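> sequence below, structure please.
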Amino acid sequence: MLVTPLNDQQLIDRYLTGDERAFEELLSRYQDKIYTSIYLFVKDDALAQDIFQEVFIKIIKTLRDGKYNHEGKFSQWAMRIAYNLCVDYFRRGKRRSVVQPTETFDIFDVLSSKDDNAEQQIIRSQTHDKIRNLVDMLPPEQREVVILRHYADMSFKEIAALTRVSINTALGRMRYALINIRKMIEEKEVVLQ
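Purely as a prediction, here's the structure:
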């Protein structure tokens, strides 16, 4: 007998009737995407973990208070909470978001790839570093769209909803980001392998 997995709303309903495992399932579905997105904004593992916990505390409180509106997708709603908490952090003037790996985390480590030989791995790593540096030089609105689209794997519709702009604005920011990256590659004579 094939068991169909429960959708997000069914899991929420079960959680609200006392089934803690339903929330664990919901958390496991989205924790990697949400944590990665937070980390790419704050660039600090401990801070990302703190914000991640805040996100799920806020989700639990909203669910328990009966204030969750399930018109949209749960994942978009959870991502909006994460995004808003990151924005709040930066508004407090703590630091600028940059896309750089640390000793403990690099987004490219979690991306699947074919088995490369050592030379290919070095070339790919150098190329990723160059691209990250170029992304860091973009204006904040463009950098944000690139991070959400290519690192958090969000659709332009999701990005538009999350950043509270129109889809055309999100698309335009991506277009200008790509133009600016190409211009920087030419001006700085960056060679991408």
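> how about the nearest residue to residue 166 once chain neighbours are set aside, phi and psi?
Leaving aside its sequence neighbours, residue 166 sits nearest to residue 160 (CB to CB, 6 or more residues apart in numbering; 6.0 Å). Every C-beta, even on glycine, is put in place using the N, C-alpha and C of the backbone. Per-residue torsions, residue 160: phi -60, psi -40 (degrees, to the nearest 10).
> give the contact list for residue 160.
166-167, 169-170 (CB atoms under 8 Å, 6 or more residues apart in numbering).
> in helices, which of those fall?
167, 169-170 (DSSP state H).
> and the strands in this structure, which stretches?
Counting by DSSP state E, the chain has no strands at all.
> pLDDT below threshold where in it?
Along the chain, segments meeting pLDDT under 70 span 1, 70-72, 93-121, 123-125, 128, 151, 190-193.
> show me how this protein divides into domains.
Residue ranges for the domains of the chain, per automatic domain parsing: 1-97, 102-193.
> quick one, which of the contacts of residue 160 are buried?
With neighbours counted using 16 or more other CB atoms under 10 Å, the contacts of residue 160 contain these buried positions: 169-170.
> save the contacts of residue 160 as CSV, and put in distance to residue 177 too.
Shown next, in CSV, are these (distance: CB to CB, whole Å):
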residue, distance to residue 177
166, 16
167, 15
169, 12
170, 11
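> most centrally placed residue in the protein?
Geometric centre of the chain, nearest residue: residue 37, 2.3 Å, by CA atoms, centre = their mean.
> how many neighbours does the nearest residue to that residue once chain neighbours are set aside have?
Using CB to CB, 6+ apart and skipping residues adjacent in sequence, the residue nearest residue 37 is residue 152, 4.0 Å away. Other residues within reach of residue 152, judged by other CB atoms under 10 Å, total 22.
> repeat for residue 150
By other CB under 10 Å, the residues close to residue 150 number 16.
> who's in contact with it?
Residue 150 neighbours (CB under 8 Å, 6+ apart): none.
> and the gap between it and residue 181?
Distance, residue 150 to residue 181, by CB to CB, to the nearest Å: 11 Å.
> thinking again about what came up before, so the residue nearest to the centre of the chain touches residue 82, yeah?
Yes. Residue 37 is within contact range of residue 82, at 5.9 Å (criterion: CB atoms under 8 Å).
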